[in-house]
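S.K.: Model the structure of this input:
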Amino acid sequence: MQKQLAVVNSNIYFIQQGIELLNDINDELYSKNNGPYHKSGIGRHFRHIIEHYFSLVGSYSGLIDYDARNRNLRLENDREYMIQSLLEVVQSLQTLNTQQELLDVEIEVRSNEGVDEENSPLSKSSIRRELQFLISHTVHHYALIGLILKTLGYNPSEDFGVAPSTLKYEQEQGSPVKAS
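M.R.: Predicted coordinates for the structure are as follows:
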């Protein structure tokens, strides 16, 4: 039996954390844009997150192009559709625990740095490195989602949107979870 991979399981953990939140909120909170302190509601942030995962899971051998996302508006407006889509990403990620050889294959990644959108350079990477990036990217957006929800009167769990290193540190210190 192969060892379960921490980087894969951490991504799955954070996606499942998002699913739990989505199961706890209503459709209005999910799709509300233009709140008192934000233009992009949580649905837009979840869409942004999952489209990065779609870029990864569609590219286990070759090129990940974060610039070529579909920007499917249904994902940001339909909470149930988002939940189902997140579950599909979890299933795809789980296959990496049985195909671990894919993690370290060299791939190319395109991600616009904001200078020249039409000529974004390719960078060398690996699926493992991109999974590490997606943890950070997801937690960053979860922190924004948590803040938006608080402005709308909903308080997510205390560990939602908190960096894994912060959670570990707080646990070791016996301190309550705080912002990352």
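S.K.: Only C-alpha atoms from now on, for both contacts and neighbour counts.
M.R.: OK.
S.K.: mind checking how far the nearest residue to Ser10 once chain neighbours are set aside is from Leu149?
M.R.: Leaving aside its sequence neighbours, Ser10 sits nearest to Ile135 (Cα to Cα, 6 or more residues apart in numbering; 7.2 Å). Ile135 sits 21 Å away from Leu149, going by Cα to Cα, to the nearest Å.
S.K.: same question, Asn23
M.R.: 14 Å.
S.K.: again, but for Glu101
M.R.: In terms of Cα to Cα, Glu101 sits 39 Å off from Leu149.
S.K.: okay, these two: which has more neighbours?
M.R.: Leu149 (20 against 10; other Cα atoms under 10 Å).
S.K.: Any idea how far the strand or helix carrying that one is from the middle of the chain?
M.R.: Using DSSP states H and E, Leu149 sits within helix 127-151. For helix 127-151, the separation from the chain centroid amounts to 5 Å (computed by Cα atoms, centre = their mean, to the nearest Å).
S.K.: Let me know the average pLDDT across that helix.
M.R.: Mean pLDDT, helix 127-151: 95.
S.K.: buried stuff in the helix or strand of the chain with the lowest mean pLDDT?
M.R.: Sorting the helices and strands of the chain by mean pLDDT, DSSP states H and E puts helix 164-173 at the bottom, at a mean of 84. Using 16 or more other Cα atoms under 10 Å as the test for burial, helix 164-173 gives Pro164, Leu167.
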